[in-house]
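> Need a 3D model of the sequence below.
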Amino acid sequence: MKIIEVKDRNERLINQLLAVWESSVKASHAFLSTAEIQSIKEYVPQALKEIPRLIIAENENQIPVGFMGIADRHLEMLFVIAEERGNGVGKALLQHGIEKYSVNDLAVNEQNPLAKGFYEHMGFKVYKRTEQDEQGNPYPLLYMTRF
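Model (predicted):
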């Protein structure tokens, strides 16, 4: 596996990352309906183009199997294709973000307990909870930081 920061966010890469995102969300966000996933999916390409730092994990065939987006020291997004979940891709990405970009906080959906547990395992602790997500939907968020 190779971890790289990408500057050239061409349509081919955006489409590959959109597939990673969708696979990851379907595997980890059981609280979202298919219609909600499709609605959110419309905004993902723009987010991928605008995030200040976009870091991808590629397999030996140079195909993205995970990615994260970082703004300042905040982890904005981290997604791993369903087939690679549990194989260390997310850990490698997050460790890279902590070491190279000083990532020290993030938000995670409360209804995604595996992600919360993963971030706790990586040294993050909850410091705040909201009743709604950042778009005002009824999905509580847990804000986590590394102390």
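> Residues touching the least confident helix or strand in the chain by mean pLDDT, excluding its own?
Here the helix or strand of the chain ranked lowest by mean pLDDT, DSSP states H and E is helix 34-41, holding a mean of 90. The contact list for helix 34-41, computed with C-beta atoms under 8 Å, 6 or more residues apart in numbering, reads 18, 21-22, 25-26, 29, 32. Bear in mind the C-beta positions are built from the backbone N, C-alpha and C, glycine included.
> Can I get that helix in CSV? Just the C-alpha atoms.
Coordinates of each C-alpha in helix 34-41 appear next as CSV, following Å, rounded to 0.1, in the frame of the first residue of the first chain:
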residue,chain,number,x,y,z
THR,A,34,-30.4,4.4,0.0
ALA,A,35,-32.0,7.7,-1.0
GLU,A,36,-30.1,9.6,1.7
ILE,A,37,-26.8,8.1,0.5
GLN,A,38,-27.6,9.0,-3.1
SER,A,39,-28.5,12.6,-2.0
ILE,A,40,-25.2,13.0,-0.1
LYS,A,41,-23.3,11.4,-3.0
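> moving C-terminal of that helix, what's the next helix or strand?
helix 44-50 (DSSP states H and E).
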